[in-house]
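Okay, structure incoming, though there's no sequence with it:
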């Protein structure tokens, strides 16, 4: 069965400010040494499994030109534009409608565009295993991540170690972000995985679930599917899509479904959740620093210093994150990266849009 | 007797980098809230005692246009250009030669151009007292500063509390920068003052001391004095001045002289020795921060943040000095301001002259 991918690239996170902006969100940034952007790496990573004409990018109007610029091999008609943000369930539903319209039933990998994977071969093997499970019957497959530590920022997937299908385990239920205590229990139980937001299924399978669980959305998706490729396509999407509820695929479909399997991923997954991720992505120097750009350091350690053109001179520093851009410089303590959003709130309140 | 002043403005310190540069040293910077530069404040401060035509500015060729721009009321012929730096003794000697050529014997205040004085009336009273002592006989007067704490970065003046002249005390000797232990003894003894580098004497007195103690320099000064106002003035200075030894007035004259008096200054003197001086000069906000320019702070305290045009966003910081300029940003821990010079050394080694 043909393998296709829907890469979700509509997000506009604020955690990489001031490098990320409203008009240049994280997925379009280059954060690794190779100079490629996160979305370019996402497409490149799956190239042995999915050819460019079968890769679909879901995004919003503001980012269409960025997608075209960064991914010139993806056909223009595979760039799906959401007229408004409606979270992942409607996004994935519309992706399934497009793919099934073109190819009939097909395998569909659903992938975020702003994560990193360290061990590509392991990742591709995991996806192939997931495809095998998804192809066998009306199974939904979610790629879990074997947890390294009791992270409280992720949702978890509980699986039944005794009920296997090929290399997958039957999913018992999904959980929301746990307390630290609960997270510790989850990790030591060996029956929980991190919910990475990566899924594999047949288009027929996911559309059937929409039909059963979210019939109103399914009806809208059917109207969109009929219009795909016609002159009315865009106007129909603009009419139907905003009527969909804003809901994630986890809440909207997965938690209400059966026949879900998960495969524990051990391929060096990283959701690149804050500037501190740079320490996992790039090599630190002998003083524990990540340094890029026009930077001079004196007695400075354990810091992330991403310069631009301007000279950044760091003297006697420890545990800081410094990011310089053309019009803004962030200086943030290691423990405070979650508070970068407060700067952005301040900028919004003051209508200082050029910095957003 | 006419009061004159020689303001020494040839220094090019590095402690206020990146705001201070080779072509814009500290004395030409505005660091106070009123927007005036340190040298402008120095001239303004003494205006009740000394009129502009009797104020002489000693500087080097690179700063002549800055002096003219910032002090338009000072006559052009009162700007004395040193062809090379030779420390304060030759500088003061040449100043005395110029003043005595124009006015014969006169009182001469010698003042640094890059210090701040909090209580102007007290300062002026002290200068008047010093003038009275200097005028009475061949006395040298040095303005001491009543020490607040055992500073190890200054030289000290030891005086004899029992031997007074008007409001001055007889100086016993000068000391170099002491150890902390010694500095503590000095402060508790109440017989030591900080050596501020401010002096008062008659031109005849100081020139006589040069004649006696540094006869070679005196000879060169006499040749310069003869040439002042003639077409040969500049060429003679360019020939004579570089032959002078590079030596401070303290080592060259004061330590080898008698009849020195000191007046304990209690006028809120500040040598503005590093960025930390900003906390004494400007008001801190409720979080202990000094903030200037395009700055947003979140959970930031006890820091000095001097912005420029670029947005500086500070998140979760404490005890930092951040100074942004057009082409360079300094981020320095409070305890490391002495290491700013290491950045400058690095820039020099790498021939990155535009940043110096």
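Alright, I've got the coordinates. No experiment lies behind these values; they were computed from the predicted model shown.

so for stretch A:320-327, what's the average pLDDT?
Mean pLDDT, stretch A:320-327: 97.

What of stretch A:149-167?
Taken as a whole, stretch A:149-167 carries a mean pLDDT of 95.

From the rest of the structure, what touches it?
Taking contacts as Cβ atoms under 8 Å, 6 or more residues apart in numbering or on different chains, the residues outside stretch A:149-167 that touch it are A:129, A:132-133, A:136, A:139, A:142, A:144, A:147, A:169-180, A:183-184, A:186-187, A:190-195, A:250, A:261-263, A:271, A:273. (Each C-beta comes from the backbone N, C-alpha and C, glycine too.)

State the pLDDT value of residue A:63.
96.

Are we agreed that it is in a helix?
Yes - counting by DSSP: H, G, I helix; E, B strand; the rest coil, residue A:63 is found in a helix.

tally of neighbours for it?
24 (other Cβ atoms under 10 Å in any protein chain shown).

if I read this right, it contacts residue A:7, doesn't it?
No - between residue A:63 and residue A:7 there is no contact under Cβ atoms under 8 Å: 11.9 Å.

what's the burial count for the residue in the stretch 151-300 of chain A positioned nearest to chain B?
Relative to chain B, the nearest point of the stretch 151-300 of chain A is residue A:298 (4.6 Å; Cβ to the nearest Cβ). Neighbour count of residue A:298, defined by other Cβ under 10 Å: 18.

That one: what's it in contact with?
Neighbours of residue A:298 in contact, by Cβ under 8 Å, 6+ apart: A:313, A:314, A:315, A:316, B:336, B:339, B:342, B:343, B:346.

Give me the buried subset of those.
The neighbour count (16 or more other Cβ atoms under 10 Å in any protein chain shown) marks A:313, A:314, A:315, A:316, B:336, B:342, B:343 as buried among these.

which stretches of the stretch 201-350 of chain A form helices?
For the stretch 201-350 of chain A, helices defined by DSSP state H, counting those that start in this stretch occupy the ranges A:203-213, A:215-227, A:233-240, A:249-252, A:278-281, A:340-349.

can you pull the buried residues of the fourth one?
Within helix A:249-252, the residues that qualify as buried are A:249, A:250, A:252, counting by 16+ other Cβ under 10 Å.

Please convert the residues you listed to CSV, extending it with distance to residue B:324.
Formatted as CSV, the buried residues of helix A:249-252 follow (distance: Cβ to Cβ, whole Å):
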residue, distance to residue B:324
A:249, 44
A:250, 44
A:252, 47
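
Dump those into CSV; add distance to residue B:97 and pLDDT as well.
As requested, the buried residues of helix A:249-252 are arranged in CSV below (distance: Cβ to Cβ, whole Å; pLDDT from 0 to 100):
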residue, distance to residue B:97, pLDDT
A:249, 88, 96
A:250, 87, 94
A:252, 90, 96
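
Buried members of the contacts of stretch A:149-167 into PyMOL, please.
Buried residues among these (16+ other Cβ under 10 Å), as a PyMOL selection:
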select buried, chain A and resi 129+132+133+139+142+144+147+169+170+171+174+175+178+183+186+187+191+192+193+194+195+250+261+262+263+271+273
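
Narrow the contacts of stretch A:149-167 to those in helices?
Residues of those located in helices (DSSP state H): A:129, A:132, A:133, A:136, A:180, A:183, A:184, A:186, A:187, A:250.

Widest-spaced pair of the residues you listed?
Using Cβ to Cβ, these span at most 37.9 Å, a distance reached by A:136 and A:180.

Would you mind listing what in the stretch 151-300 of chain A touches chain B?
A:296, A:298, A:299 (Cβ under 8 Å from any Cβ of the partner chain).

With residue B:54 as the reference, measure out to the second one.
To tie it back to what came earlier, the one meant is residue A:298. Distance of residue A:298 to residue B:54, given as Cβ to Cβ, to the nearest Å: 45 Å.

circling back to that earlier point, and the buried ones among the contacts of residue A:298 as JSON lines, adding distance to residue B:267 and pLDDT?
Output for these, formatted as JSON lines (distance: Cβ to Cβ, whole Å; pLDDT from 0 to 100):
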{"residue": "A:313", "distance to residue B:267": "35", "pLDDT": "98"}
{"residue": "A:314", "distance to residue B:267": "38", "pLDDT": "98"}
{"residue": "A:315", "distance to residue B:267": "33", "pLDDT": "98"}
{"residue": "A:316", "distance to residue B:267": "33", "pLDDT": "98"}
{"residue": "B:336", "distance to residue B:267": "31", "pLDDT": "97"}
{"residue": "B:342", "distance to residue B:267": "34", "pLDDT": "96"}
{"residue": "B:343", "distance to residue B:267": "34", "pLDDT": "97"}
